[in-house]
Structures are given as C-alpha cells and as structure tokens.
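Participant: any chance you could fold what I've pasted below:
(2 chains)
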There are 2 protein chains.
Amino acid sequence: MSLDRRKFLKYLGMAGAAAGTSLLVSEGMKTKEKGVGPTVAEAQTAPQKHSADVKPGELDSYYGFWSGGHSGEVRILGLPSMRDLKRISVFNMDVGTGYGITNESKAMLKGKFCGDTHHVHGSYNNGVYDGKYLFVNDKLNNRVARIRCDYMEVDKILDVPNIQGMHGLFTQRAPKTEWLVCNSEFQIPVPNSNPSQPPAQYNGAHTIIDAEKMEVVCQVLMDENMDLAATDYGGRYSMTTSYNIEKGVTVSEMLGSDYDYMLVFHWDRIKKALKDGKHTMIGGVKVLDGRAGKSDLTIRIKVPKNPHGINVSPDGKYAVCSGKVAPTCTVVAIDKLEDVFNGKIKPEDCIVAQPFIGLGPLHTTFDGRGNAITSVFIDSTNVKWNVQKAIDNEKLPEEKKKNTHIVDVLDVNYQVGHIMATMAETKEADGKWLVSLNKFSKDRFLNVGPLKNECEQLIDITGDKLKLVHDSATYIEPHDCIIVRRDIIEKVVKDRFNMFEHPQAVTKSGVDRKGKKVTVKLTANAPVFGLQEVQLKKGDEVTVIVTNHDEISDLGHGFALSNYNINFVVAPFQTKSVTFTADKPGVYWAYCTNFCHALHLEMRMRFIVT
Amino acid sequence: MSLDRRKFLKYLGMAGAAAGTSLLVSEGMKTKEKGVGPTVAEAQTAPQKHSADVKPGELDSYYGFWSGGHSGEVRILGLPSMRDLKRISVFNMDVGTGYGITNESKAMLKGKFCGDTHHVHGSYNNGVYDGKYLFVNDKLNNRVARIRCDYMEVDKILDVPNIQGMHGLFTQRAPKTEWLVCNSEFQIPVPNSNPSQPPAQYNGAHTIIDAEKMEVVCQVLMDENMDLAATDYGGRYSMTTSYNIEKGVTVSEMLGSDYDYMLVFHWDRIKKALKDGKHTMIGGVKVLDGRAGKSDLTIRIKVPKNPHGINVSPDGKYAVCSGKVAPTCTVVAIDKLEDVFNGKIKPEDCIVAQPFIGLGPLHTTFDGRGNAITSVFIDSTNVKWNVQKAIDNEKLPEEKKKNTHIVDVLDVNYQVGHIMATMAETKEADGKWLVSLNKFSKDRFLNVGPLKNECEQLIDITGDKLKLVHDSATYIEPHDCIIVRRDIIEKVVKDRFNMFEHPQAVTKSGVDRKGKKVTVKLTANAPVFGLQEVQLKKGDEVTVIVTNHDEISDLGHGFALSNYNINFVVAPFQTKSVTFTADKPGVYWAYCTNFCHALHLEMRMRFIVT
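Facilitator: Numbers count the residues shown, from 1 in each chain, chains lettered A, B, ... in the order given. Modelled structure (predicted):
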C-alpha cells in the first residue's frame, strides 16, 4: 500500500469524524486492504511481459503523448492498453478544468481558444527524451505551447509572427534541447501588410525557438510550402519536406511540378549569420534569408512531387522523406549533407535509396533493428521495409530491382496518417509496439452518427510480421504521437503543485474590498470552502482566488458559481483565479464540482449580490 | 463489404484521377478487400459471446451514454470494450467540432459555455428506450439539453428559471416519454430578487418539462434540497430523494436532522391542478405549491439522514433510496404510494425493507434477476444484495436479523459514485455487465500529474460473484451513465444529415455583399472548397456558411481560418456557419482541418482582406 493510499484512508476516516456523523462507529469502518493494483515500486520491478492485455491493477509500459488535431488538446495514452489517461488542455477552452476560463489560462490564450495541434515532441538529452517538456504547435493560430512534464500542464504559449499554417515541429536532439523548429506550410506576404501582393512573392519561414525562454530566435525566409520537420542526432541541422515550388494557390497549381524539395538548415551557419547581423527585423523578430541563391544557410534536395513526412532513423544515419503523391520514400544520408553545404557534392548525391512503398506514403517510423515502417494513405497499409536492403537494391540495374526491401504489408482501417513506434524518435527505439493513426473508422465501431470517431490501431512489431492486436476508437483528431518508455516520465511526474509557484496562493480565506474591486480568497479543504458566504454589490468587479489545501494525491476540488458560467478545478496545492462582474442580484451558490468526499454535495457557499 | 465501404474505395480512386496524379496506374491501386471487420448485418446475426475482449473488427454489444460531469459533455462508450466512441458537445465549447463557436451552437449556448452534466436518460416507450432522444441536465447553469440519437448531436437546450443546483433528471417511462423531470438541489429565494431573504424562506422546485417541445410544463415549489430523481414504470409518479429539511446553509446545519425525505409527485394531481389554474406565474413559468401542508400534490416518506440515489427496480415494484450518511438502503413499495396519497396508510408504511449495505451507499442498480447492486462510497465497494431477501429479513425480530441479503461485496478502486448495469433502468434489465464509476484512480494508472484521471471499472455480473474484468482511466468526470442494447440504438443512427434541415444549406458557392455585410457560401467537396479566394474589405461583417457535399459516410471536412480563431467540422451533408469581423488586413488562408483525402493538405483557399 502506497503512502498516499494510507493517507487517503486516514483522510476518509477523519472526514467522517469532522462531519459529526456516526460513520466511525459502524462495523464497516474497519480499515481493510482493498484490492489495489501493484504499487509503483512493485510494478517497476516486475518483468514486463509483451502483451497488450493490461489487466485491472496493472500499469502500462509506455506513456503516449498525442496531438489532438483540431480539438486543440494533447492527450496522454497508456500503451499497450491504449487507454486515454489524460486530456491536457492546450489551445482549447476546456470547461472540465476551467482552462481558458480562469485568469491564468486567459492570459496564455489571449482570446484565441481554438487550435489545431499537429506535432508533439519532447525535450531531449543526447538523443533520448529527458522528461522535462513537451512542445506542440497550433496550425490554426500559429502558436507553440510548452507542457511541463512534472505537472502535465501547459506553462507557456508563444505566438509566432509572419507565418500561417504552422506545420512540422521538432526539437533539438543533441547535445540537449536548446532550440526547436517549426515550419509554415502556407505562403503569405511577409510582412502580411500588402494583401494585393502577387502569390509569386509570397513567402514562408522556418522558425527557430529558444526552448527554455520560449522566444523566437529567428526565422529563415523561404520560397516553399514547408511541411513536416525533423532534426538530426548531431545537433547540426533541421530538415523539412516542402512542396509547391510552383508557388501556386490552388490544388492544381500546387501539383504542377514533378519534384519538390527536402530542405536542410545549417544551424552553425544560422548562428553565425545572426552574430554577423545578417538579419532584418520583421514583425518583431529576426529574419534571415534562406531562399535559393540568397544565402548559404540552406540546401535543397530534389525529391518526387509533394513529399510529406520526414523522419530520421534512430542510428542517426538517414532522413526518410515519404512520397505522398509519389509511391516511394527517399532515403537521404545525413553524413553527406555537410559535403553538399560545402559544394563538394551535388544535393542529389545524398540520396542513397528511393524504394517503392505504395500509394500515398505519408510517414515513416523505425523499429531500431534496421527496419522502417511507412504509413500508406490510399492503400490503407503499414509497410515494413528494410532500409539497408533498399539501399543495396538501389545499386542494382533497373531491370533487376524487385521489392525485396519490403518485409511485410499490413492492412489498416482506414486511411492512415501518422504512425509511430515505441521510442522511435530516439536513439533507444525498441521495436515493441507501433500505433497506426487512421483518419477514418467507418464500420469499425458501433455507428455514432454522421460525425464518426477515428481509429487508432496497436500493432505488435516484435516479429517479422506486423501483427494487429487492438483497435481504439478516438475523438478527432489523433494527429501524431510519440511513445515514451515509462521510466523516463514516471520519475518526473508530481502528485501536487508547489503551492507558492502561484504568487496569489491563498493561505487564509477572506474578502478584500477596494471600491468596486472585490477579491475573494478561498481555501478549499474537503468538504468546505474557507468561507460560507460572500456579500457583494451589483456591479462589483469580483476576483475569486481558490487554493486547494488538500495534500492528498488525486484530491481535486472544483469551483463553480451557479448561473455565472464559472467552472474550474484545482488539483492538490494548485491555485486558480477568475474575475467577473456581479451583474445579477440575488443569491448564487458556488459549489465543488470535483467529487472530493462523502459530503462533497454539501461543499458549497453563497455569493449574495445586493 | 458494406455499400459505404465500396463507395469509399471508389471515391479514393476517383480522387486520384481528379487530382491528375499518376496514382491510378500504379500496381498498388488494385482494389483489394481490406481486413475489415464484420458488417453490421453480420455482426447482428452472430451469437453474442460474453467476454470483455472485443477484438479488432468486432463490434460492441451495448452503447453506453455517459454524462461528462464538469467537462459539460456527454460521451458514448462501447461496452464491453469500454472504448470511448464519441464526445458529444453539450454545454461545453468544443473546438474539435466548433461547437460553441458556430452561429448554430452560439444560439443554443447563449454565451454560457460551461456546464456540469450529471444525469443522462433516454426517451422511453413502455418502459424501454425508444432510441429517439437523450436528455441531460446542467447543474451549473441550470439547463436541460436534448440529444437526437439519429445524429448524436444536441438539437435543443432549455434554460430553466427559478432554480439552482439542478440535480436529478429522469424521463417518463410509460406509456412513453412526454414529460421529464429535474430537481433543484440548492434552495434560493423564489423569485431570486430579494437576496436578503432569510434562508428559512428559500425554496427549491421540481421542474416538469415537455420532452417534445422542450418547454417547462410547470414547477412544483418545495422546501427540501432535492437530489436524485426517478419515475415509476406506470407513468404516474416522479420521485426524488431530498435532504436538508433543516434548511441549513452550511455543512453542519444540513446534517442536523436524523432523517430526511423521499418525495413523491403525483402527476395526475399536478395535471388537474394546472387545469384548475392553481398555479402562479414566476419567472415566466407556472409554479404549483408542493410544500408540506400546502397541497395534495406530494407526499414525504421519512428516510435516514441525507439520502442520495433513488432507483426503481426493473419489475416496477420498488424504489430504492441509498443512504449516503446512513449505512442502509430504504426499499419503498411503489404499489402502496396511492394509498398514502389517499390517506389510507401512513407514508412510512410504504417502506418494506431497510437493509444494511455499508459505509456511504450512493446509488443502486439491478440485474433483472431480483438482485440490487449498490455503490458504497466510503467503503469503496459494490454490494450485491437480494431485494426479496432484504424484505423477508425485515420481518424477522431485530436479534435474528443477519446480513443474509448480501450476496457479494467487490472492492472497487476507489470511492465509487454512480454505478449502472446493462439496461438496468428499463423493464429489460439483462444482468450482463455493471460499470462502477469511481471518483479517484490514484495509483491505478500511470501517474499523469496532480490532476489525475478517474477510474471506470467493468464488472461481469452474470454469476453470483461480482467479477472485475477491466479498468478504464477516464477524463473528469464520468458522472453517471445508462447502458443500452445495441439493437435499440443502431437502427436509428444515421450516416449523414438531411441537408435541407438547415435553412441556409449551400448548394452553389458564391459571395453576396450588402454594404459591409458579406455572406460567403461554400460547398466542401474533397479536396476543394467551392471558392479559391474571397475578397474582403477591412471592417466587413462576414458570415461564412459551409455545407459538406461529400455523401460518403465518415467523410467530414473542417473549416479553419488562420489567425481568426475559427474552427469547425461539417459531417456529410451538414451545414454550419460563423460570423466574424474582418478586422485584420492581409492574406489569410482557410483550410480543411479534418483529414479527408490524399490531397487534404492542399484543400484550402484565401481570404484577402484589403
């Protein structure tokens, strides 16, 4: 029995006594050991079996961090159970937690409560997650959010200027995450002050962000629509796929050319250019020119038309661009990039293989044993292929090339976008599980109406064959994910907030009035708020600050004010506040929304507005 | 292969052709049968095995409809897989679907985008769900929402005046659902115009709503805090638990008395009182007086202090009040209520048993074989007990009473609130599965920070013993649920909207300008919107109307406008609109957020604001 569990039982006993009930004398009160699962310590030392069947009381082996697409959220899933463990409010207004309604989250969202989270990546130390931060981009309102892994809540949101369609985000993998990068997929006038500028003069930008300060380091101006992003394992480059070298603004225009580019950004040269003052200031940030022929900061490697995903193999050797409109992947040798930058070889000399994959390859992941697995949208498959075999085959004459690089093809249900294997975006890719994030579920689950769920599938990749073991229905949209070994995250996650990180943490309940400005300070201790009533006058501008003083793990309180549309939750030792105008006279009950105690329903107080 | 699946594959082929790519000629395009699950028809005729293991491609046997607590949403789960199949936006602002952001949902929410959904119940025909509607209450802003089961979306929200803490909601079970009832748990001045009124003069109300019109029929004014609600199987009564006969406003005041009441409302008498004009108008609705000694509309049955749940057995014979602060349940014979109303017997003569259950009984459900199962909060157990045995034991002398009514006790993890068995709130309770909605998960899942998930547990109740088979982590808050046999719902659910139910459905894209008012009409057909660009002037008041013209099942489109915080989804044949001011000059890309096509990323258009 964990310490928290013991505290919890003790608390329940005490609570009964405090409420003056006769519960303590009942025979049922004899404390007994519940059918609890293994403690964290027990579970960690138990051998990990390779089965998707996580029984009651067992813990998952991996944390999955999912970008929630146009829900604007990030989700935590447990793997292999595929259960949703948490929704983290990021760019959305979530009334369950009050995110977007409290003063704290309003300050972060600045009125922009819609988002479209596409790619979530963690902070790294030497090519492996360090468990400190997660970063995620908003394609809709062009922002990057940072999530603290100790609290699993957003602590910063950065608005990025000069770009639209922020797509592709990746973090520096070595020596540690000081920078992260994100792309712009849509080209616009930069700055966006002359709407009549012809599309041929539109631009995009590759944005570099300081991970700790959450500030824009610089933007590199580009001509292409930049799509997915990646970084190498040496801390030297960021890379992106791109399309629309045609600079078109319609579908057919964007498909005109038979090729597009993989772009590479040279970080040391960017640092030097900044040091040398080669930037201009646009929209408040430093902008360098990375366009073809304008600087030596970037190179362009021709790949077949409109490529999509770019992923780096865990050994750090290859970047794989997935074809989308071409049926191939393009394998680029990262150790040859420096020679391209130095003009010693041509860009296309970096390409070591271009294997056939299927119709609509979108993203590639890795099993850490030399195999790549690529999602194929139109075919609705996951294709496992051997990277070295593809490279070897490339050297054969055209007539001898056969698809011997392909190890297995698995049908998925249906129309897969991103896929990700366990730890695959790190040096410690372990080849245990693969998740296929499919865009359509159709007849795969009970029919839930015209707006259907999507379908995530769990695939066992320990053998040669890809083995489908589990279907999960999922809310729009399971966009992308990373899957992180449990030991990396579990050790950093906290059970309670540091109370005094919030400058207004309430230690004593009370009401301060200055003219029409009223501050109501409330402690929350099950089953009571620190005050039983508050007297207000119509028109008062009221700020309510609530601090949860229950230290018991998992004992959250809610604060909801009837008919005033106010609703938030405070986790143990957390503080949140809300400001509103008392515009309706009458008696209004505030109550705890988060079940906390046998007398939870009685945990309430009155706001009396005269 | 279903018709929709065939259409879908056809569509994908056509899409490649339309986009002018070379995809069609590739060997990968050979249409092959994917590893699809059973069709609906196949699955319905297959024998239902009793196992929680729903394999990939298999369908669940039950729809679960969950109230989402202070998330403000309703969820659909599949059982026995316990997978989340859908989030239905109800009182919350959900950016994934644009609910609360579009003109349609803004009109329903009226600016109140927080909610606290407590109880979801379906419409009935002769004691069994008819698959037409779901109803759910909002404890925070005192509303009732109706969900259409064909679309699984909200179609009406009713604001209820004169009450606070709307708790307990139940639908008429026979002959069919014409009325539904909801309670007020918090007492206030009625009307709420004199905030200095002493609490002893506060009131609550039992509200009766017309299910079809979604209008208040009347309110019955009461002295008690009314908690959970139920209706009988004869269409004659609504019933509630109540507490705080002390009329206290603090926890200790509310616990003063050793007993509280089960309240019964006599529907024929209420109808007659309305017909006889015995109501007064308060807050725009008819109010009848149901207080003790004021009318013959209600009766009061004494039950031990602060009872919580009230549930009616599937045979229609008994109402069971769960004790909360008392360790017992109170079993009331419904066929004796009429004699109480007629003064032939005393209220307490209806009580046929008061069995010991455990510490903190909250809610009771039924297996259809004569057994009740009660959730016990403080003990963290589900207690299975035999109703007839409890009644028989009641007749024994005190010293001979033993807990022989108790069949089994299962520890749950931890602190259970509502529980529900399959079909248990209908005449067709089938005793297959039980769900225990636990308020704390603590060490039951990987640690996700100070704000933890809650824990839903699936229990096999086909044998004598309660058998725990599955733990699900869940987002706050799994408040309550009903579990409905698949055949009842599946036959009514549609794959697409009736396009012309929306009066503004777009059949032809175009722009209408009247002064500064601009209407942009857009069709959405993968992978294009009906217009490629729209010219606006700064300050224009712009209404964008989008209709999805893709009839393919599951093919939704999104409409997001960069940096304008606009984001919604249209399911097949659905129309939504949004109005905004074009307050920022520049080029702004709108794009499809809902993955629809291999060229989904290219599905976009420009709004050019000069």
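
Participant: so residue A:484 sits against residue A:129, correct?
Facilitator: Yes - counting by Cβ atoms under 8 Å, residue A:129 is a contact partner of residue A:484 at 5.4 Å. (Glycine included, C-beta is placed from N, CA and C.)

Participant: how is chain A carved up into domains?
Facilitator: A:3-36, A:499-609 (automatic domain parsing).

Participant: just those domains: most buried one?
Facilitator: domain A:499-609 (a mean of 21; mean count of other Cβ atoms under 10 Å in any protein chain shown).

Participant: okay, how far is it across that one, tip to tip?
Facilitator: 31 Å (Cα to Cα, to the nearest Å).

Participant: on that earlier part again, what touches both of residue A:484 and residue A:129?
Facilitator: With contacts taken as Cβ atoms under 8 Å, 6 or more residues apart in numbering or on different chains, residue A:484 and residue A:129 have residue A:122 as neighbours in common.

Participant: spatially nearest residue to residue A:567 (excluding sequence neighbours)?
Facilitator: The shortest distance from residue A:567 to any non-neighbouring residue, by Cβ to Cβ, 6 or more residues apart in numbering or on different chains, is to residue B:114 (4.0 Å).

Participant: that's a helix at the one you found, yeah?
Facilitator: No - read with DSSP: H, G, I helix; E, B strand; the rest coil, residue B:114 is coil and lies in no helix.

Participant: just checking, it touches residue A:562?
Facilitator: No - between residue B:114 and residue A:562 there is no contact under Cβ under 8 Å: 10.8 Å.

Participant: ranges for the strands of the stretch 451-600 of chain A?
Facilitator: A:454-460, A:467-474, A:480-485, A:510-514, A:517-525, A:528-529, A:533-536, A:541-548, A:557-561, A:566-570, A:575-581, A:586-591 (DSSP state E, counting those that start in this stretch).

Participant: quick check: residues of the stretch 101-250 of chain A near chain B?
Facilitator: A:101, A:111-116, A:139-142, A:150-153, A:164-165, A:185-186, A:188-189, A:192-193, A:195-197, A:202, A:227, A:249-250 (Cβ under 8 Å from any Cβ of the partner chain).

Participant: among the residues you listed, which ones are buried?
Facilitator: A:101, A:112-116, A:139-142, A:150-153, A:164-165, A:185-186, A:188-189, A:192, A:195, A:197, A:202, A:227, A:249 (16 or more other Cβ atoms under 10 Å in any protein chain shown).

Participant: in terms of mean pLDDT, which of the domains of chain A ranks lowest?
Facilitator: Lowest mean pLDDT of the domains of chain A: domain A:3-36, a mean of 36.

Participant: coming back round to it: the residue nearest to residue A:567: what's it in contact with?
Facilitator: Contacts of residue B:114 (Cβ under 8 Å, 6+ apart): A:95, A:101, A:560, A:565, A:566, A:567, B:72, B:91, B:92, B:140, B:141.

Participant: go on, residue A:250?
Facilitator: residue B:532.

Participant: what pLDDT is listed against it?
Facilitator: For residue A:250, the model assigns a pLDDT of 91.

Participant: and the one 5 residues further on, by the same measure?
Facilitator: The score at residue A:255 is 87. That number is its pLDDT.

Participant: surely it touches residue A:305?
Facilitator: Yes - counting by Cβ under 8 Å, residue A:255 does reach residue A:305; the two are 6.8 Å apart.

Participant: common neighbours of the two, please.
Facilitator: residue A:325.

Participant: where does the spatially most central residue of chain A land in three-state SS?
Facilitator: In chain A, the residue lying closest to the centroid (Cα atoms, centre = their mean) is residue A:120, at 3.2 Å. Here residue A:120 is strand, with the state taken from three-state DSSP.

Participant: pretty sure it contacts residue A:129?
Facilitator: No - between residue A:120 and residue A:129 there is no contact under Cβ under 8 Å: 11.6 Å.

Participant: anything in contact with each of the two?
Facilitator: By Cβ under 8 Å, 6+ apart, residue A:120 and residue A:129 have these common neighbours: residue A:482.

Participant: and the residue of the stretch 201-350 of chain A nearest chain B?
Facilitator: Relative to chain B, the nearest point of the stretch 201-350 of chain A is residue A:251 (4.5 Å; Cβ to the nearest Cβ).

Participant: how about that residue, nearest residue that isn't a chain neighbour?
Facilitator: Using Cβ to Cβ, 6+ apart, the closest residue to residue A:251 is residue B:602 (4.5 Å).

Participant: which residues does the one you found contact?
Facilitator: The contact partners of residue B:602, by Cβ under 8 Å, 6+ apart, come to A:251, A:254, A:255, A:306, B:527.

Participant: can you give me the helices in chain A?
Facilitator: A:3-18, A:40-45, A:103-109, A:251-254, A:267-275, A:337-341, A:387-394, A:486-490 (DSSP state H).

Participant: measure the closest residue to residue A:389 other than its chain neighbours to chain B for me?
Facilitator: Of all residues not flanking residue A:389 in the chain, residue A:405 sits nearest, at 4.2 Å (Cβ to Cβ, 6+ apart). Going from residue A:405 to chain B by Cβ to the nearest Cβ, to the nearest Å gives 15 Å.

Participant: equivalent analysis for residue A:566, please.
Facilitator: Distance, residue A:566 to chain B, using Cβ to the nearest Cβ: 7 Å.

Participant: surely residue A:476 and residue B:97 touch.
Facilitator: Yes - counting by Cβ under 8 Å, residue A:476 touches residue B:97, with 7.4 Å between them.

Participant: what's the single longest strand in chain A?
Facilitator: strand A:128-138 (DSSP state E).

Participant: quick one: average pLDDT of it?
Facilitator: The model assigns strand A:128-138 a mean pLDDT of 98.

Participant: and the strands in the stretch 301-450 of chain A, which stretches?
Facilitator: A:310-312, A:318-322, A:329-333, A:351-353, A:361-366, A:371-376, A:381-386, A:406-411, A:416-421, A:433-438.

Participant: kind regards, and thank you for your time.
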